[in-house]
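Peer 1: give me coordinates for this.
(chains A and B)
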There are 2 protein chains.
Amino acid sequence: MTNIKLVIEYDGTNYHGWQSQVNANTVQDTLASAIYRGTGENPTFIGSGRTDAGVHAMGQTVNFHTCSDIPADKFKYVINPFLPKDIYILNSTEVPDDFHAQYSALKKEYVYKIHNSPLRSVFQKNYAYWIGMPLAFDNMAYACKDFLGMHDFTAFCATGSKVKDFTRIVYRSELKKDGDFIIYTVQGNGFLYNMVRIMIGTLIEIGQGKMPKDAIPEILKGKDRRKAGRTVPPQGLYLKQVFYE
Amino acid sequence: MTNIKLVIEYDGTNYHGWQSQVNANTVQDTLASAIYRGTGENPTFIGSGRTDAGVHAMGQTVNFHTCSDIPADKFKYVINPFLPKDIYILNSTEVPDDFHAQYSALKKEYVYKIHNSPLRSVFQKNYAYWIGMPLAFDNMAYACKDFLGMHDFTAFCATGSKVKDFTRIVYRSELKKDGDFIIYTVQGNGFLYNMVRIMIGTLIEIGQGKMPKDAIPEILKGKDRRKAGRTVPPQGLYLKQVFYE
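Peer 2: Just a heads-up that it's a prediction; the model follows:
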């Protein structure tokens, strides 16, 4: 058996998220069906983690064991023709037998795109979150640095989550301007449910002057979801990369 | 009665083109219904011209007469909330009574986007035409200059067209590189059916070395559709702007 790692890009607009579901169109099920059509095998495969409906990926990572004798680096050429145009295997490689796309992951990088312009763009409707009123970018860029380091992120987790440990380490937290876009990049050893989307909702309230630019340490300390900003919509969110050793 | 001009952006992915049709979802019908909901009026309105299914617009232009006392520049704020997220009024102004979005147009500008990269992008599937093999950009940029000026464009018109006069003037014909994209901009006094898409299909064959870089004058002279390149898909095409006096 060969253990194969795939790096996958997908447009989440038309899917009910990553995770396999009965009676719903998911990325995982679509990929499984393409692998079946390309190899005749029906492997159990492991993703690095879920993404919600509407969330995109530039580097979702998956592994599975196969008896197929297709060389690992040729797998993408064999499977891609069986995938719809909104899912694409960027890369396929052989990995050690104990590689596990979820448990072997060291950190993940997400990107969130805000389209900050007085004019809505029809071309961004599925790919960024539109905010018509100007945002105080400098205050947001200042505030996002307070996410860096190890914190209890309870305040930035959707209520009802069943996790026990809310502590996560953020290695990178950066806001950049690119024309009409404000682009947030965050790297962490793991993310709680809706964590990035609540972090962005909070940064936006800071950008709108509804919260001071030094609000975040206080919110982290309070561990109260109601003190953080709202959960912003999924279409601005991209799973950019999963890092392994 | 006031004559109102609207400049409209739309994502053509989910529409059967601009032009009103029975039993099909078109941009014109969707706009008409929003105007009705916003004003209670059901005006006849005139677009600068059709766009095909899947073709986008950054500046489709429309006019209609209204008895509404909404100030012309406020029209966009009144109608936009009734439009779906893939249609958006960028601008609304009052124009002279004899302004006609089609007949008053002096020239139009179209843009065509080619995504030229060994890797397909899921995010571009509806917004550019993907070509995986490298294209000889310099030869294409050289060749596109041969479209400039007044020519009989019979060879670059879909067969079966009912037009009598195939002569058109091209004022601007330019190819630019932008990262993995090759972007073509063309301005003309008018365009035949599929003309831009056949022009691009021909430039691509030049870029692939299937035709020499000086092939275009010969093809124009021959007036034979079969000598030009294929018709490229609609999703790379954008009606960028319509020019009036």
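Peer 1: the helix or strand bottoming out on mean pLDDT in chain A packs against which elements?
Peer 2: None of the helices or strands of chain A scores lower by mean pLDDT, DSSP states H and E than strand A:45-47, at a mean of 91. When contacts are defined as 3 or more Cβ pairs under 8 Å, 6 or more residues apart in numbering or on different chains; DSSP states H and E, strand A:45-47 sits against helix A:27-39, strand A:56-66. The way it works is simple: take the backbone N, C-alpha and C, and place the C-beta from them, glycine included.
Peer 1: can I get the last one in CSV, CA atoms only?
Peer 2: This points to strand A:56-66. Extracted as CSV, the C-alpha positions of strand A:56-66 are listed here (Å, rounded to 0.1, in the frame of the first residue of the first chain):
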residue,chain,number,x,y,z
HIS,A,56,-12.7,28.0,-0.1
ALA,A,57,-9.3,26.2,0.0
MET,A,58,-6.1,26.9,-1.8
GLY,A,59,-4.3,24.1,0.0
GLN,A,60,-6.6,21.6,1.7
THR,A,61,-4.5,18.5,2.4
VAL,A,62,-5.7,14.9,2.3
ASN,A,63,-4.1,11.5,2.5
PHE,A,64,-5.2,8.0,1.7
HIS,A,65,-3.7,4.5,1.2
THR,A,66,-3.9,2.9,-2.2
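Peer 1: so what strands line up beside that strand?
Peer 2: With DSSP bridges as the test, strand A:56-66 is paired with strand A:2-10 (antiparallel), strand A:45-47 (antiparallel), strand A:237-243 (parallel).
Peer 1: of the ones you listed, which is nearest B:Gly17?
Peer 2: Among those, strand A:2-10 comes nearest to B:Gly17, with 28.1 Å by Cβ to Cβ.
Peer 1: chain center to that closest one, what's the gap?
Peer 2: Averaged C-alpha coordinates place strand A:2-10 at 16 Å from its chain's average position (Cα atoms, centre = their mean, to the nearest Å).
Peer 1: what of stretch A:13-32?
Peer 2: Between the centre of stretch A:13-32 and the centre of its chain there are 15 Å (Cα atoms, centre = their mean).
Peer 1: need the contact partners of that stretch.
Peer 2: Stretch A:13-32 is contacted from outside by A:8, A:10, A:12, A:42, A:45, A:47, A:49-57, A:60, A:62, A:79, A:83-84, A:86-87, A:126, A:235, using Cβ atoms under 8 Å, 6 or more residues apart in numbering or on different chains.
Peer 1: and those, which are buried?
Peer 2: Listed as buried from the contacts of stretch A:13-32 are A:8, A:10, A:12, A:45, A:47, A:49-57, A:60, A:62, A:79, A:83, A:86-87, A:126, A:235; burial here means 16 or more other Cβ atoms under 10 Å in any protein chain shown.
Peer 1: quick one: name the residues of chain A near chain B.
Peer 2: With Cβ under 8 Å from any Cβ of the partner chain as the criterion, chain A meets chain B at residues A:9-11, A:56, A:80, A:85-88, A:90, A:119-123, A:125, A:127.
Peer 1: go again using 10 Å as the cut-off
Peer 2: Residues of chain A found near chain B (Cβ under 10 Å from any Cβ of the partner chain) are A:8-13, A:56-58, A:76, A:80, A:83-91, A:119-127, A:130, A:238.
Peer 1: just the residues you listed: which are in strands?
Peer 2: Judged by DSSP state E, these include A:8-10, A:56-58, A:87-91, A:130, A:238 as members of strands.
Peer 1: residue farthest from the centroid of chain A?
Peer 2: For chain A, the residue at maximal distance from the C-alpha centroid (Cα atoms, centre = their mean) is A:Asp69, at 31.9 Å.
Peer 1: need phi/psi at that residue.
Peer 2: When read as degrees, to the nearest 10, the backbone of A:Asp69 gives phi -100, psi 20.
Peer 1: who touches it in this structure?
Peer 2: Contacts for A:Asp69 (Cβ atoms under 10 Å, 6 or more residues apart in numbering or on different chains) come out as A:2, A:39.
Peer 1: same thing with A:Lys74?
Peer 2: A:Ser92 are the contacts of A:Lys74 under Cβ under 10 Å, 6+ apart.
Peer 1: need the three-state assignment for the closest residue to A:Asn194 other than its chain neighbours.
Peer 2: Counting by Cβ to Cβ, 6 or more residues apart in numbering or on different chains, A:Ala158 is the residue found nearest to A:Asn194 once chain neighbours are left out, at 4.0 Å. Using DSSP: H, G, I helix; E, B strand; the rest coil, the structure places A:Ala158 in coil.
Peer 1: mean pLDDT lowest where, among the strands paired with strand A:56-66?
Peer 2: Lowest mean pLDDT of the strands paired with strand A:56-66: strand A:45-47, a mean of 91.
Peer 1: picking up where we left off before, most packed of the helices and strands packed on strand A:45-47?
Peer 2: Mean neighbours per residue, mean count of other Cβ atoms under 10 Å in any protein chain shown, is largest over these for strand A:56-66, with a mean of 22.
Peer 1: now do it, average pLDDT.
Peer 2: The average pLDDT for strand A:56-66 rounds to 96.
Peer 1: what angle separates that strand from helix A:27-39?
Peer 2: 50 degrees (axes from the mean of the first three to the mean of the last three Cα atoms, to 10 degrees).
Peer 1: for strand A:56-66, the distance to its chain's centre please.
Peer 2: Mean-position distance between strand A:56-66 and its chain equals 12 Å (Cα atoms, centre = their mean).
Peer 1: now swap in stretch A:118-130 and tell me
Peer 2: On the basis of Cα atoms, centre = their mean, stretch A:118-130 sits 19 Å off its chain's mean C-alpha point.
Peer 1: got it, and stretch A:206-221?
Peer 2: Computed by Cα atoms, centre = their mean, the separation of stretch A:206-221 from the middle of its chain amounts to 23 Å.
Peer 1: got the CA positions of that stretch in PDB?
Peer 2: Only the C-alpha atoms of stretch A:206-221 are listed here, as PDB (Å, rounded to 0.1, in the frame of the first residue of the first chain):
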ATOM      1  CA  ILE A 206     -12.300  48.000  15.500                       C
ATOM      2  CA  GLY A 207     -12.100  49.300  11.900                       C
ATOM      3  CA  GLN A 208     -15.600  50.800  12.300                       C
ATOM      4  CA  GLY A 209     -14.700  52.500  15.600                       C
ATOM      5  CA  LYS A 210     -17.200  50.400  17.500                       C
ATOM      6  CA  MET A 211     -14.300  49.000  19.600                       C
ATOM      7  CA  PRO A 212     -11.000  50.600  20.600                       C
ATOM      8  CA  LYS A 213      -7.900  49.300  18.900                       C
ATOM      9  CA  ASP A 214      -6.600  47.800  22.000                       C
ATOM     10  CA  ALA A 215      -9.800  45.800  22.700                       C
ATOM     11  CA  ILE A 216      -8.500  42.300  21.900                       C
ATOM     12  CA  PRO A 217      -6.400  41.500  25.000                       C
ATOM     13  CA  GLU A 218      -9.400  42.300  27.200                       C
ATOM     14  CA  ILE A 219     -11.700  40.200  25.100                       C
ATOM     15  CA  LEU A 220      -9.300  37.200  25.200                       C
ATOM     16  CA  LYS A 221      -9.000  37.600  29.000                       C
END
